[in-house]
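Novice: Predicted structure and sequence below. I'll ask about it afterward.
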Amino acid sequence: MQETTIETKACKHCWISFEITDKDLEFYDKVSPIFNKTKYSIPSPTFCPKCRHQRRLSFRNERNLYKRKCDLTGENIISCYNETTPFKIYKTENWWWDKWDAMDYGQDFDFDRPFFEQFAELTGKVPRMALLLANTENADYNNYASFLKDCYLAFDSSRNENAGYLYNTSDSKNTFDCMSSNTLENCYECTDSFNCYKLFYSNNCESCNDSYFLFNCVNCTNCINCMNLVGKQYYINNERYSKEEYEKEKKKILSNIKQNKINFKKFISNKIYKSSYNKNCENSSGDYLLNSKNVQDSYDLFFSENCKYCSNSTKLTDCYDYESCAGPSELGLELNGTMQCYHNLFGLITWWRNLYYCDHATDCNDCFGCVWTRNKQYCIFNKKYSKEDYEKIVPQIIEHMKTTGEWGEFFPSTISPFAYNETLAQDYYPLDKKQATEKWFKWMDKEYPINIPEGMARIEAKDLPALKKLNKDLEKKILNTAIICEDSWKPYRITQQELNFYKKNNLPIPQKHPNIRYIERMNLRNPRKLYDKKCDKCEIDIKTTYSPDRPETVFCQACYSEEVY
């Protein structure tokens, strides 16, 4: 259904104009809370969609892990908070103990002071979990993850086993260095791929097996350096080979993976690209949408309906400005990380119903401004109230927030516990220190290097021995050597788990630091921005993440299907 622009605003963060439509206003009215039969209307946003997303991500540090001590027990732990942060950090298992209570830090609301100023004080007092992990086994070096077994450096991922260096990847086994994928087994360096087995160095693939260097292929087996193929076997560079010829060429190609990466990039540069990677969607715009309806300007969103400006989520209904939901949620606005929520507004890691301006509220209902609480109801600033008092005081706080200009705004980035360059915001919206601080983001000047133990050997990545030359002594040496990245010159190590994987699949040991490999995978995906463009075949108007000034030939979905399928 066509939306009508009601208002054009200038973003108070970047000053770029953005539109508020009639459907937007209907949504804000729909989610506005009601107390004692009075609706407390949420105003239209003052930040543009991009700046709202950037602000939410500035509260989310997934990948930067540090060694520090647990402030409850004194034991050495791994945490997403470095040792200089002023918060109490408890080991995740210890945080769930009954030896402490978040309600002990409760405070009265002061109507002579701004809400966010008081909220920042409360967040500075209540103990925090070192890492956001649940139901894991032998998986200490992970974050924003659940149901992991024998995993290492997996972030925003769930239900994985014997895997490592993952981002937003789930239901996978024996898989390394993959991003935004699901149901992989024995896969390596894959992005946006699903239901694949033994797939390597590939993007946007589905149900492909025993293949290398594929882009946008479906149901392909034993293929190398191919793009836009469906149901093919023994293809190289989109050409059919006999089985014997294929095996012969495969050995040649895989003898120099580094060079073939360059060759493959050149091969796909003049092929046809489809305008978006959406599947089974109706009246929707964005990229990587699946089985969704009436979803606008959203990304990596599955099984959702009536949503806008949402990403990395599943099963959302009637939600705006939502980041990373791992379960069914409805009537949500400006949220970052939730599970099974109903009518939650302006929050971080919230779980259950009617939670407004809360930070890490687990299994809670009807709470306002609460921090790191669990199993609570009718609480304000971590203080318990009767139902009657709660419904009397919250409207008073909302009216106060209206006078200070805080009602309807997400938490200001100035109260984030993280520096901008620690967070996911830096990955999606890269800034230097000057740019970040001018926008009121925090910045971390100190870099936390990986400490190489005294006496540990070092080796430059380019000097790593080939797998076929490894013997037991060399293997042991590599596992106890600091490898110097060929790009960043930062040291990294190889674990026994991943070395076994490389040997099993005859893959070269990576010559780049895990963070560099992650950035390279991020760069394989288009920025989350929609452009108006014309199909390069039929010239109808399309929306796509391929900007008009890029060289790719981009077809609408109908023309692409005619050409490829």
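Specialist: Looks like it came in fine. Computed from a predicted structure; not experimentally measured.

Novice: So, low pLDDT: which residues of the stretch 301-450 of the chain?
Specialist: Residue ranges of the stretch 301-450 of the chain with pLDDT under 70: 446-450.

Novice: And the chain, by the same measure?
Specialist: 1, 446-451, 565.

Novice: Now with 50, please.
Specialist: Applying pLDDT under 50 to the chain flags no residue at all.

Novice: What's the biggest helix in it, counting residues?
Specialist: helix 387-404 (DSSP state H).

Novice: quick check: longest strand of this protein.
Specialist: strand 305-338 (DSSP state E).

Novice: Flag every buried residue along that one.
Specialist: For strand 305-338, burial by neighbour count (16 or more other Cβ atoms under 10 Å) applies to 305-326, 329-338. C-beta coordinates here come from the backbone N, C-alpha and C atoms, glycine included.

Novice: what does stretch 38-48 give?
Specialist: The neighbour-count check on stretch 38-48 (16+ other Cβ under 10 Å) flags 40, 42, 45, 47-48 as buried.

Novice: Tabulate those (CSV), appending secondary structure and distance to T553.
Specialist: Shown next, in CSV, are these (DSSP: H, G, I helix; E, B strand; the rest coil; distance: Cβ to Cβ, whole Å):
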residue, secondary structure, distance to T553
Y40, coil, 51
I42, coil, 43
P45, coil, 36
F47, coil, 35
C48, coil, 31
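
Novice: Please, which helix or strand holds the residue nearest to K274 when sequence neighbours are not counted?
Specialist: Spatial nearest neighbour of K274, excluding adjacent residues (Cβ to Cβ, 6 or more residues apart in numbering): Y560 at 4.0 Å. Assigned by DSSP states H and E, Y560 belongs to helix 557-564.

Novice: Run the chain-centre distance for that helix.
Specialist: 30 Å (Cα atoms, centre = their mean, to the nearest Å).

Novice: Which strands and helices lie in contact with it?
Specialist: Judged by 3 or more Cβ pairs under 8 Å, 6 or more residues apart in numbering; DSSP states H and E, the packing partners of helix 557-564 are strand 272-274.

Novice: Now the element after the strand it packs on, going C-ward?
Specialist: Later in the chain than strand 272-274, the nearest helix or strand by DSSP H and E is strand 286-290.

Novice: what comes up buried for that next one?
Specialist: 286-290.

Novice: which one among those residues gets closest to Y531?
Specialist: D287 (11.4 Å; Cβ to Cβ).

Novice: Confirm N263 sits in a helix?
Specialist: Yes - per DSSP: H, G, I helix; E, B strand; the rest coil, N263 lies within a helix segment.

Novice: Which residue is the nearest non-sequential neighbour of it?
Specialist: Nearest to N263 is N225, by Cβ to Cβ, 6+ apart, at 7.0 Å.

Novice: now G231
Specialist: Using Cβ to Cβ, 6+ apart, the nearest residue to G231 is N219, at 4.6 Å.

Novice: swap in R52?
Specialist: Excluding its sequence neighbours, the residue lying closest to R52 (Cβ to Cβ, 6+ apart) is D321, at 5.4 Å.

Novice: which residues touch the one you found?
Specialist: 45, 49, 52-53, 56, 308-310, 333-335, 410 (Cβ atoms under 8 Å, 6 or more residues apart in numbering).

Novice: State the distance from it to C51.
Specialist: 11 Å (Cβ to Cβ, to the nearest Å).

Novice: What of S561?
Specialist: S561 is 36 Å from C51, by Cβ to Cβ.

Novice: If you count neighbours, what's buried in stretch 416-434?
Specialist: Result for stretch 416-434 [16+ other Cβ under 10 Å]: buried residues 416-427, 429, 431.

Novice: again, but for stretch 279-295
Specialist: Buried residues in stretch 279-295 (16+ other Cβ under 10 Å): 281, 284-295.

Novice: likewise stretch 265-275?
Specialist: For stretch 265-275, a neighbour-count test (16+ other Cβ under 10 Å) marks 267-268, 272-275 as buried.

Novice: can you tell me which helix or strand N523 belongs to?
Specialist: N523 belongs to helix 514-524, assigned by DSSP H and E.

Novice: Any idea how many residues pack against the nearest residue to N375 once chain neighbours are set aside?
Specialist: Closest residue in space to N375, ignoring its immediate chain neighbours: D363 at 5.1 Å, by Cβ to Cβ, 6+ apart. Look at D363: counted by other Cβ atoms under 10 Å, it has 13 neighbours.

Novice: and D363, what does it touch?
Specialist: 351-352, 374-375.

Novice: nearest to I89, of the residues you listed?
Specialist: Nearest to I89 among these, with distances taken as Cβ to Cβ, is R374, at 16.9 Å.

Novice: can you count the residues close to the residue lying closest to the closest one once chain neighbours are set aside?
Specialist: Excluding the flanking residues, the one nearest R374 by Cβ to Cβ, 6+ apart is T362, at 4.2 Å. Around T362 there are 17 other residues, counting by other Cβ under 10 Å.

Novice: dump the residue contacts of T362.
Specialist: T362 is in contact with 349, 351, 373-375, counting by Cβ under 8 Å, 6+ apart.

Novice: Most neighbours among these, which one is it?
Specialist: When neighbours are counted by other Cβ under 10 Å, T373 leads the contacts of T362 with 24 neighbours.

Novice: ok, so what distance separates that one from I415?
Specialist: 18 Å.

Novice: now the strands for the stretch 401-550 of the chain?
Specialist: With strands called from DSSP state E, counting those that start in this stretch, the stretch 401-550 of the chain shows them at 457-460, 481-484, 491-492, 531-534, 541-544.

Novice: nearest to S32, of those strands?
Specialist: S32 sits nearest to strand 541-544 of all the strands of the stretch 401-550 of the chain, at 29.6 Å, using Cβ to Cβ.

Novice: what does that closest one rub up against?
Specialist: Contacts of strand 541-544 (Cβ under 8 Å, 6+ apart): 275-276, 285, 530-535, 554, 556.

Novice: Next, format the buried residues of stretch 416-434 as a markdown table and append distance to Q511.
Specialist: Formatted as a markdown table, those follow (distance: Cβ to Cβ, whole Å):
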| residue | distance to Q511 |
| --- | --- |
| S416 | 34 |
| P417 | 34 |
| F418 | 30 |
| A419 | 29 |
| Y420 | 29 |
| N421 | 25 |
| E422 | 26 |
| T423 | 27 |
| L424 | 26 |
| A425 | 29 |
| Q426 | 24 |
| D427 | 22 |
| Y429 | 28 |
| L431 | 28 |
